[in-house]
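**Student:** Quick one, fold the following:
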Amino acid sequence: MLIKSIYIRDGLFERNIILEDGVNLIFSQKNSRGKTTLVRLMLYALGYSVPSTKKIKFEKCFTKIEIILDTEKTVFLTRENSYAISLLCDDEEEIYVLPEQICTLHSKLFSTDNIDILNNVLGAFYFDQEKGWTLLNRGVVIGSIHFNIDELVRGISGKDCSELIAREKRISSDLSKYRQMFSIAQYRDSVSGDSLTADTYQEKKNVELEQLRMRQSSVEREIRRINQSITGNKKFQEFVADMKLLIKTEDGQCITVTKDNIVGLNDSIELLVAKKKILSCELAEIVSKIDKIMREQEKENGQISFFESESIVEAFDKKIVAIPMNQVAIKNEIDKLEKEQKQVREQIAKISRSDNDVVLSLYNTIVKYATELGIGDSESITKKYLFTSNLKELTGAVLHKTVFAFKMAYILELEKHLKIKLPIILDSPSGKEVDQENIELMMNILKRDFQENQIIIASIYDYSFSKVNKVELVDQLLNQMIVVENANENP
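**Tutor:** Model prediction:
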């Protein structure tokens, strides 16, 4: 995949930037000239939801990016707002709604429809200047875009944990609710002993109201059942009458069966009707009592504001103590869900990491680059370290180079699986604690192992590549005024 060019327009200013295969250096002699803005606009033009920079609001920009895929097809992505993007390829145009259809769009660019890969591919080939050089195997890439090595490994190796992941999400959602309930229960218990918040009358009314509603529901169900019985009996009565049956008496007389001479059926219907009337009267009485209690409560609530001595907090306390909540029961449920969540996560990790050739391949590549960068070897780096969450021991240049080794391994593994070449985008690779010697070690790896990749570097420094396409930003990114007669034309 090769980014050939990007056109940007913001109000009356525009710029068209041509990129080449090989190394592209977005350069300025001073900071704050638009290097990071340009890099982020490239991602924005690819459909990603990335945060704007101070000087340019991306959602107000018009962008058009030209991409050459590994199939040698040329794709144009046009974006005029934050919620839609157009893809033009072979004179066929498709519109995608963002962010809902971003994976569908990126499946065309990265030659896969695997969600786990599409959700994590950016975290592999893009190094953000703020978080990218500390993002080892999980965390925020940029904005709301995350990276997770377990997902990436599952995607590349084709392992499916969708049911377990859905279950883990449900447990997490339930846990969040129970924890909030527990906090409320703790607060309730802390104020329930206060005589100012004890509202026995209100509690009784709430209980009475709940009982009345339960009785109302029961009576309504019984009335519905009686209605069904009455309707059924009447239909049966009419059915028998329509059959024109004749009954022969003992004296030989024939009598036609009608709905009026069926013994007992009319009595049953009348009994049901009478029972319905009794229940209807009871229902009306219940509804009247409910309405009365609710009017009283509304009146009390309306009067709260007239009492200067009662604050909103005091009114809230009166309401909260009326809610029955058991701290112990809620805490037991939280403990149970936390245990279940831990077990599910362990199952997901086991499926993702065990008996996985992708893990071994990633590990070998990381050890190779770590050894070359002088940050470790096969004795100090174990396979488990691939999934480590402990970054406290890594600081400065060591963390910088470790992240680089990990991400280069991700890129190689993705390319092996996708059979495409990914661009490598590095924003400010020369960190404050990284000397030129360490930078040179990283650049040597890029020169040797990633010759066929397009490399885009944003920096105030030059790098020793044999051939570099330099895009220099002198004063600002958008420094060309739109010619009036062409103002409505796109390149």
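**Student:** Can you show me the strands along the stretch 151-300 of the chain?
**Tutor:** Applying DSSP state E, counting those that start in this stretch to the stretch 151-300 of the chain gives strands spanning 246-248, 254-256.
**Student:** and G374, which of these is closest to it?
**Tutor:** strand 246-248 (109.1 Å; CB to CB). Using the backbone N, CA and C atoms, a C-beta is placed for each residue, glycine as well.
**Student:** low-scoring stretches of the chain, by residue?
**Tutor:** In the predicted model, the chain carries pLDDT under 70 at residues 193-203, 259, 263-265, 300-311, 391-393, 432, 483-491.
**Student:** Pop the domain breakdown of it in here.
**Tutor:** 1-110+421-491, 115-159+356-420, 199-320 (automatic domain parsing).
**Student:** beta partners of I457?
**Tutor:** For I457, the beta-bridge partners under DSSP bridges are L25, L426.
**Student:** who's in contact with the residue nearest the centre of the chain?
**Tutor:** When CA atoms, centre = their mean is applied to the chain, the residue found nearest the centroid is S144 (9.4 Å). By CB atoms under 8 Å, 6 or more residues apart in numbering, the residues touching S144 are S49.
**Student:** Tell me how far I293 lies from I223.
**Tutor:** 22 Å (CB to CB, to the nearest Å).
**Student:** Please apply the same query to D377.
**Tutor:** Using CB to CB, we find D377 at a distance of 81 Å from I223.
**Student:** same deal with K331?
**Tutor:** Distance, K331 to I223, using CB to CB: 43 Å.
**Student:** now swap in I65 and tell me
**Tutor:** Taken as CB to CB, the span from I65 to I223 is 67 Å.
**Student:** So which of those two has more stuff around it?
**Tutor:** Between I65 and I223, counted using other CB atoms under 10 Å, the more crowded position is I65 (25 against 16).
**Student:** And the more buried one, which helix or strand is it part of?
**Tutor:** Using DSSP states H and E, the element containing I65 is strand 62-68.
**Student:** Give me the packing partners of that strand, helices and strands only.
**Tutor:** Strand 62-68 sits against strand 2-10, helix 35-45, strand 74-79, with contacts defined as 3 or more CB pairs under 8 Å, 6 or more residues apart in numbering; DSSP states H and E.
**Student:** Of the ones you listed, which is nearest M442?
**Tutor:** Using CB to CB, these put helix 35-45 closest to M442, at 17.7 Å.
**Student:** If you count contacts, what does that closest one end up packed against?
**Tutor:** Helix 35-45 packs on strand 2-10, strand 23-27, strand 62-68, strand 74-79, strand 424-427, strand 455-459, going by 3+ CB pairs under 8 Å, 6+ apart.
**Student:** Which one of those strands lies nearest to S86?
**Tutor:** Closest to S86 of the helices and strands packed on helix 35-45, according to CB to CB: strand 74-79, at 4.4 Å.
**Student:** Whichever helix or strand comes after the closest one: which residues count as buried?
**Tutor:** From strand 74-79 onward toward the C-terminus, using DSSP H and E, the following helix or strand is strand 84-89. Neighbour counts over strand 84-89 (16 or more other CB atoms under 10 Å) mark 85, 87, 89 as buried.
**Student:** neighbours around E296, how many?
**Tutor:** Neighbour count for E296, taken as other CB under 10 Å: 12.
**Student:** For the closest residue to it other than its chain neighbours, the count of nearby residues, please.
**Tutor:** Closest residue to E296 in three dimensions, ignoring its sequence neighbours and counting by CB to CB, 6 or more residues apart in numbering: K205, at 7.3 Å. Neighbour count of K205, defined by other CB under 10 Å: 17.
**Student:** From the structure, what's the count of residues near T71?
**Tutor:** When neighbours are defined as other CB under 10 Å, T71 has 11 of them.
**Student:** What strand or helix carries it?
**Tutor:** Going by DSSP H and E, T71 is not in any helix or strand.
**Student:** again, but for V403
**Tutor:** helix 396-418.
**Student:** now do E14
**Tutor:** Counting by DSSP H and E, E14 is found in strand 13-18.
**Student:** Direction included, what does that strand pair against?
**Tutor:** Strand pairing for strand 13-18, using DSSP bridges, gives strand 2-10 (antiparallel), strand 480-481 (antiparallel).
**Student:** now the angle from that strand to strand 62-68?
**Tutor:** Orientation of strand 13-18 against strand 62-68 (axes from the mean of the first three to the mean of the last three CA atoms, to 10 degrees) gives an angle of 10 degrees.
**Student:** Tell me the buried residues in strand 13-18?
**Tutor:** Using 16+ other CB under 10 Å as the burial criterion, the residues of strand 13-18 that qualify are 13-15, 17.
**Student:** Show me what it is in contact with.
**Tutor:** Applying CB under 8 Å, 6+ apart, the set of residues contacting strand 13-18 from outside is 4-8, 38, 469, 471, 477-482, 491.
**Student:** and what of stretch 73-87?
**Tutor:** In contact with stretch 73-87 (CB under 8 Å, 6+ apart) are residues 4, 44-47, 49, 58-59, 62-69, 88-90, 93-98, 105, 108-109, 490.
**Student:** Quick one: buried ones out of those?
**Tutor:** Buried subset of the contacts of stretch 73-87 (neighbour count, 16+ other CB under 10 Å): 4, 44-47, 49, 58, 62-67, 69, 89, 96, 98, 105, 108-109.
**Student:** of the helices and strands packed on strand 62-68, which approaches L136 most closely?
**Tutor:** Once these are compared by CB to CB, helix 35-45 is nearest, at 20.4 Å.
**Student:** buried set for that closest one?
**Tutor:** Neighbour-count burial for helix 35-45 [16+ other CB under 10 Å]: 35-45.
**Student:** could you give the angle of that helix to strand 74-79?
**Tutor:** Computed by the same axes, to 10 degrees, the angle separating helix 35-45 from strand 74-79 equals 100 degrees.
**Student:** Centre of the chain to helix 35-45, how far?
**Tutor:** Helix 35-45 sits 23 Å away from the centroid of its parent chain (CA atoms, centre = their mean, to the nearest Å).
**Student:** Repeat that for stretch 372-385.
**Tutor:** With CA atoms, centre = their mean, you get 34 Å for stretch 372-385.
**Student:** One more: stretch 122-141?
**Tutor:** So, by CA atoms, centre = their mean, the centroid of stretch 122-141 is 19 Å from its chain's centroid.
**Student:** buried sites along it?
**Tutor:** When neighbours are counted by 16+ other CB under 10 Å, the buried residues of stretch 122-141 are found to be 122-129, 132-138, 140-141.
**Student:** and the longest helix for the chain?
**Tutor:** helix 200-242 (DSSP state H).
**Student:** for that one, packing partners?
**Tutor:** Packing contacts for helix 200-242, counted by 3+ CB pairs under 8 Å, 6+ apart, involve helix 265-303.
**Student:** Am I right that E433 is in a helix?
**Tutor:** No. Counting by DSSP: H, G, I helix; E, B strand; the rest coil, E433 is not part of a helix but coil.
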